[in-house]
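Novice: mind folding the following:
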Amino acid sequence: MLLTIQGYFEAGKFVTDEPVKVSGHKKAILTILEEDSPTNAPDNGSLAYLFRNYHDDNIREPIIDFGEAVGNEKW
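Specialist: Predicted coordinates for the structure are as follows:
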């Protein structure tokens with residue numbers, strides 16, 4: 001089994017974005033990324049920053065088709 005856990009280091013401890021339950025004594029490998037965590041990163045307008053608190057609920061809605069423009073609309 002392979003499990004990926006996202007988080008950041010704060011005050012010398014690894015803090016996860018969400019609670020994680022791992023049973024027993026498990027071997028782990030930690031990869032440190034060379035980027036700031038979203039809490040410390042400036043607002044640079046990137047999608048990563050804009051969606052930093054997004055949690056996918058796996059609910060999908062159909063896309064609405066507005067049809068052809070009938071006036072000055074541009075879509």
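
Novice: does the nearest residue to Leu30 once chain neighbours are set aside belong to a helix, a strand or coil?
Specialist: Of all residues not flanking Leu30 in the chain, Phe14 sits nearest, at 7.1 Å (Cβ to Cβ, 6 or more residues apart in numbering). (Each C-beta comes from the backbone N, C-alpha and C, glycine too.) Judged by DSSP: H, G, I helix; E, B strand; the rest coil, the three-state class of Phe14 is strand.

Novice: show me the strands in this protein, by range?
Specialist: Using DSSP state E, the strands found in the chain span residues 7-10, 13-16.

Novice: please state the offset of the first one from the chain centre?
Specialist: Strand 7-10 has its C-alpha centroid displaced from the chain centroid by 14 Å (Cα atoms, centre = their mean, to the nearest Å).

Novice: what is that strand packed up against?
Specialist: Applying 3 or more Cβ pairs under 8 Å, 6 or more residues apart in numbering; DSSP states H and E, we find strand 7-10 packed against strand 13-16.

Novice: which neighbouring elements make contact with the strand it packs on?
Specialist: Packed next to strand 13-16, using 3+ Cβ pairs under 8 Å, 6+ apart, are strand 7-10.

Novice: could you pull out the helices for the chain?
Specialist: 47-50 (DSSP state H).

Novice: show me the shaky parts of it.
Specialist: 36-46, 49, 74-75 (pLDDT under 70).

Novice: sorry, back to before: output the strands of the chain as CSV; include the columns mean neighbour count.
Specialist: Listed next are those as CSV, based on neighbours: other Cβ atoms under 10 Å:
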stretch, mean neighbour count
strand 7-10, 13
strand 13-16, 10
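
Novice: now those strands in a markdown table, with distance to Arg60?
Specialist: Listed next are those as a markdown table, based on distance: least, Cβ to Cβ, whole Å:
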| stretch | distance to Arg60 |
| --- | --- |
| strand 7-10 | 27 |
| strand 13-16 | 26 |
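
Novice: give me the distance between the most centrally placed residue in the chain and Lys21.
Specialist: Compute the mean C-alpha point of the chain, and by Cα atoms, centre = their mean the closest residue is Arg52, 5.1 Å away. Arg52 sits at a distance of 23 Å from Lys21 (criterion: Cβ to Cβ, to the nearest Å).
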